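# Give the three-dimensional model of this entry:
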Amino acid sequence: MCKGLAALPATCLKSAKDMKHRLGVLLQKSDSCDYSSSQGKKEKVSPSQRVSQEEVKKWAESLENLIHHDRGLAAFRAFLKSEYSEENIDFWVSCEEYKKTKSPAKLSPKARKIYDEFISVQATKEVNLDSCTREKTSHNMLEPTLSCFDEAQRKIFTLMEKDSYRRFLKSPYYLDLVSPPGAGCGPESCQRTHAHSLDCNSNIISQCA
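Reported below is the predicted structural model:
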């Protein structure tokens, strides 16, 4: 039984509910990964109803499993956005879409758009690449091919895999989904509630029996 929840300030409880609500909204979006507000939906579906526990647990096996699942990608992007680093997953997704280009005439304009947005020195959402990879990618822009961003995409994937992905698995964005529906207030759930509340009151310590 959780002894400390009753003492939590109302603002903290509201913050926790707001975070779960925002994540729930993201996970209800269409498979096209369109994160804009959905109009006309009256019925709210909880994440646990849309994603099975088996699927959610597979997300912890590898970053590949996570970001190749539409709901996993939405949850991971929401987490990265909270860390102000969503440019990494946006770049990865853009590269995936670019490699599906069928018309040779569209390769150059699409490649230039990705380069200008994520790689150039004046990029609005610049990703963290080493100078060698950045220079090689810049050279590839002379004659863009379907594989011109492959090395840069691999570098960003590795960066996410070793850094933000590990933090994601320990965050409420993942832990709130992996908890079985109807689970009681055990040590892990209390810890997550405490994590939600840190921004409200850093002195709150949840006690679990």
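# show me where this structure has helices.
For the chain, the helices defined by DSSP state H cover 10-27, 47-50, 53-58, 63-67, 70-82, 87-98, 104-118, 131-140, 150-162, 164-169, 172-178, 187-197.
# Which of those comes out lowest on mean pLDDT?
Lowest mean pLDDT within the helices of the chain: helix 187-197, at a mean of 45.
# pLDDT score for Thr86?
For the record, residue 86 is Glu, not Thr. 96.
# show me what contacts it?
Arg77, Leu80 (CB atoms under 8 Å, 6 or more residues apart in numbering). Any C-beta I mention is one placed from the backbone N, CA and C, and that applies to glycine too.
# one step back: got a markdown table for the helices of the chain, with mean neighbour count too?
Below are those laid out as a markdown table (neighbours: other CB atoms under 10 Å):
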| stretch | mean neighbour count |
| --- | --- |
| helix 10-27 | 16 |
| helix 47-50 | 16 |
| helix 53-58 | 14 |
| helix 63-67 | 19 |
| helix 70-82 | 21 |
| helix 87-98 | 19 |
| helix 104-118 | 15 |
| helix 131-140 | 14 |
| helix 150-162 | 17 |
| helix 164-169 | 18 |
| helix 172-178 | 20 |
| helix 187-197 | 18 |
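# Kindly reformat the ones you listed as TSV and extend each row with distance to Thr124.
Shown next, in TSV, are these (distance: least, CB to CB, whole Å):
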stretch	distance to Thr124
helix 10-27	23
helix 47-50	31
helix 53-58	33
helix 63-67	22
helix 70-82	15
helix 87-98	9
helix 104-118	6
helix 131-140	16
helix 150-162	16
helix 164-169	20
helix 172-178	25
helix 187-197	31
